[in-house]
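[1] can't give you the sequence, but here's the structure:
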Ligand code: CO
């Protein structure tokens, strides 16, 4: 791969601005008016996947939070501030958790390779792997095992979003964004929608339903098949037990 020099970044910027202005003399005036992005993108820090390129989106369309292996960490103040601002102030309509195949964070979690602090960061993914070890180890190739864990990771992060007070509040106020789980395949450039059903987490997360009759039927509602069973699942179950009692 040919990399640009640092000087080229600045000269590219100037030519890009000139191109934009040639197409629309007010392009940057409009950008400067403020932002009202419809999407919050939660992705991996990996340099190969700026979602704007892969989705042909423009500046102003995606509000972004990226970290290693696209984690929705319930103790990460940086992430929670982004989520709160996106949901409460920008009122984004969709949240996209986008993982990817060939993810270094997933490799570290699955194979336990020590890379320093990243070990600590990806430990929740390691836990997901250990919970699904039988299923994942049974897959025929290393690539298939890594891909499956990448998908399970996205599923778990979508589920985690429903454990945040921000999404719970939005559900309560009936203006929660739609949450989507995607995986980007680096080898093809194509995005795969995991079509994650979030209904059961919406119900469990919403105070509206805490004492409603719907809880009587909760035993019939099962987590989406393939849910990695993150720690939050236990929390939901114990909460349900409490509600039933
Ligand atoms: Co990655």
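    Sure thing, it's come through. As the structure is a prediction and not an experimental result, all values here were calculated from the model.
[2] Quickly note the distance from residue 170 to residue 102.
    33 Å (CB to CB, to the nearest Å). All C-beta atoms are positioned from the backbone trio N, CA, C, and that covers glycine.
[3] Please report how far residue 76 lies from the ion.
    Residue 76 sits 16 Å away from the ion, taking CB to the ion, to the nearest Å as the criterion.
[4] Can you tell me who the residue lying closest to that residue once chain neighbours are set aside pairs with across the strands?
    With CB to CB, 6 or more residues apart in numbering as the criterion, residue 76 has its nearest non-adjacent residue at 7.6 Å, and that residue is residue 67. On the basis of DSSP bridges, residue 67 is bridged to residue 44.
[5] on that earlier part again, of residue 170 and residue 102, who's got more company?
    Taking neighbours as other CB atoms under 10 Å, residue 170 and residue 102 compare with residue 170 leading, 19 against 16.
[6] phi, psi of the more buried one?
    The phi/psi pair for residue 170 (degrees, to the nearest 10) reads phi -60, psi -40.
[7] Which residue, neighbours along the chain excluded, lies closest to it?
    Leaving aside its chain neighbours, residue 170 sits nearest to residue 176 (3.9 Å; criterion: CB to CB, 6+ apart).
[8] Hmm, residue 167 and that neighbour touching each other?
    Yes. Between residue 176 and residue 167 there is a contact under CB atoms under 8 Å: 6.0 Å.
[9] Give the residues shared as contacts by the two.
    Counting by CB atoms under 8 Å, 6 or more residues apart in numbering, the common neighbours of residue 176 and residue 167 are residue 87.
[10] ok now stretch 183-203, how far from the chain's centre?
    9 Å (CA atoms, centre = their mean, to the nearest Å).
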